[in-house]
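Trainee: below are the sequence and a predicted model for it; my questions follow.
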Amino acid sequence: MTVTLDCNGRPLYLGRPCVMGILNVTPDSFSDGGTYTRPELAVMRARQIWESGGDIIDIGAESTRPGAPAVSESEEMDRLLPIVEAVLAAVPLPVSIDTYKAKVMREAWSLGAGLMNDVTALQGDSQSLAMVAELDIPVCLMHMRGTPRNMQTNTHYDDVLGEVTHFFRERMAACATAGIRREQLLLDPGFGFAKDLQGNCRLLRELDALQSIGLPIVVGVSRKSMIGELSGVALAAQRLAGSIAAALWAVAHGAQVLRVHDVAETVQAIKVWTGIQEQGAEKPLREVQ
């Protein structure tokens, strides 16, 4: 499995659990919509992610929450590109772009963005496979049925793990045919995307099984409705503890990258979780007297 990704000249090391800090520049994202739409506010958030120990910043300019309306290519670029340029000038971290549009990918890459995070797994734009191959850039393929507008009407699976695994193998084959190198791929099971609570929990319980594919796994459960359903907490901003619990479960079962809102808290939790294992492994068992 790839250990370090070259994200347009900025390395992303995957030899330990990585934290991807979310930077939404949308007016309507489910948790923080409208908070970081101005470049100076986005830069403050980017610096916070960096100073909190985040490994990569994921910038999105089109909400993918259930029922979110589509955004035109020009509007997405108007929202996104000034902020990408400002963030890359302000912090040394690699930047990921949450988009499915090929032209947006190219323009963001030309500014220095280093990874594409596509909720449609390079199916939402007929040019995106060729674009990623041409740029030779890492890409995260996410599982989703339909679009954010209708995905939650299609949540029944006979075997959610089997269907997600089959989907990934099909998309990997399409990427190979397009000329995208296997070592440039990451996989996201798409928690909350065309899945109900039962499907989300089964995927999380059986996350280890996706390791058989042999590619880095990205998990995004931060503040999502599944955390609210399991905890009984209605407000997304109040789901920190539940998000940390799910994040640690994901890391324990093979996730290489965690996409989160609460970077400092997640980084601290991972440090403690890994530290307990490392300290325990270094010291021999106490001899019985």
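Mentor: That came in fine, so what should we check first?
Trainee: now the helices for the chain?
Mentor: 39-51, 73-90, 102-111, 128-135, 160-178, 197-205, 225-231, 240-252, 263-282 (DSSP state H).
Trainee: is His253 in contact with Ala209, as I believe?
Mentor: No: using C-beta atoms under 8 Å, His253 and Ala209 do not qualify as a contacting pair, with a distance of 9.1 Å. C-beta: built from backbone N, CA, C; applies to glycine.
Trainee: re the thing from before, could I get the helices of the chain as TSV with mean pLDDT?
Mentor: Output for the helices of the chain, formatted as TSV (pLDDT from 0 to 100):
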stretch	mean pLDDT
helix 39-51	95
helix 73-90	96
helix 102-111	98
helix 128-135	98
helix 160-178	97
helix 197-205	96
helix 225-231	96
helix 240-252	97
helix 263-282	90
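Trainee: save these as CSV, and put in distance to Val119 too.
Mentor: Output for those, formatted as CSV (distance: least, C-beta to C-beta, whole Å):
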stretch, distance to Val119
helix 39-51, 21
helix 73-90, 13
helix 102-111, 13
helix 128-135, 12
helix 160-178, 12
helix 197-205, 16
helix 225-231, 16
helix 240-252, 18
helix 263-282, 21
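Trainee: and those as TSV, adding distance to Leu187 and mean neighbour count?
Mentor: Formatted as TSV, the helices of the chain follow (distance: least, C-beta to C-beta, whole Å; neighbours: other C-beta atoms under 10 Å):
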stretch	distance to Leu187	mean neighbour count
helix 39-51	23	18
helix 73-90	24	18
helix 102-111	18	21
helix 128-135	15	20
helix 160-178	5	16
helix 197-205	12	18
helix 225-231	19	18
helix 240-252	13	19
helix 263-282	20	14
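Trainee: quick one: residues contacting Ala46.
Mentor: Ala46 makes contact with 21, 23, 57, 87, 90-91, 93 under the criterion C-beta atoms under 8 Å, 6 or more residues apart in numbering.
Trainee: change it to 10 Å
Mentor: For Ala46, the contacting residues are 21, 23, 36, 54, 57, 59, 83, 86-91, 93, 95, by C-beta atoms under 10 Å, 6 or more residues apart in numbering.
Trainee: quick check, nearest of those to Gly199?
Mentor: Using C-beta to C-beta, Gly21 comes nearest to Gly199 of the contacts of Ala46, at 26.3 Å.
Trainee: and the residue nearest the centre of the chain?
Mentor: When C-alpha atoms, centre = their mean is applied to the chain, the residue found nearest the centroid is Arg259 (4.4 Å).
Trainee: in its sheet, which strands sit next to the longest strand belonging to the chain, and in what direction?
Mentor: The single longest strand within the chain, with elements called by DSSP state E, is strand 18-24. Taking DSSP bridges as the criterion, strand 18-24 forms sheet pairs with strand 56-60 (parallel), strand 257-260 (parallel).
Trainee: any idea which of those strands is most buried?
Mentor: Of all the strands paired with strand 18-24, strand 257-260 carries the top mean neighbour count, a mean of 27, counting by mean count of other C-beta atoms under 10 Å.
Trainee: off-centre distance for it?
Mentor: For strand 257-260, the distance from its own C-alpha centre to the chain's C-alpha centre is 6 Å (C-alpha atoms, centre = their mean, to the nearest Å).
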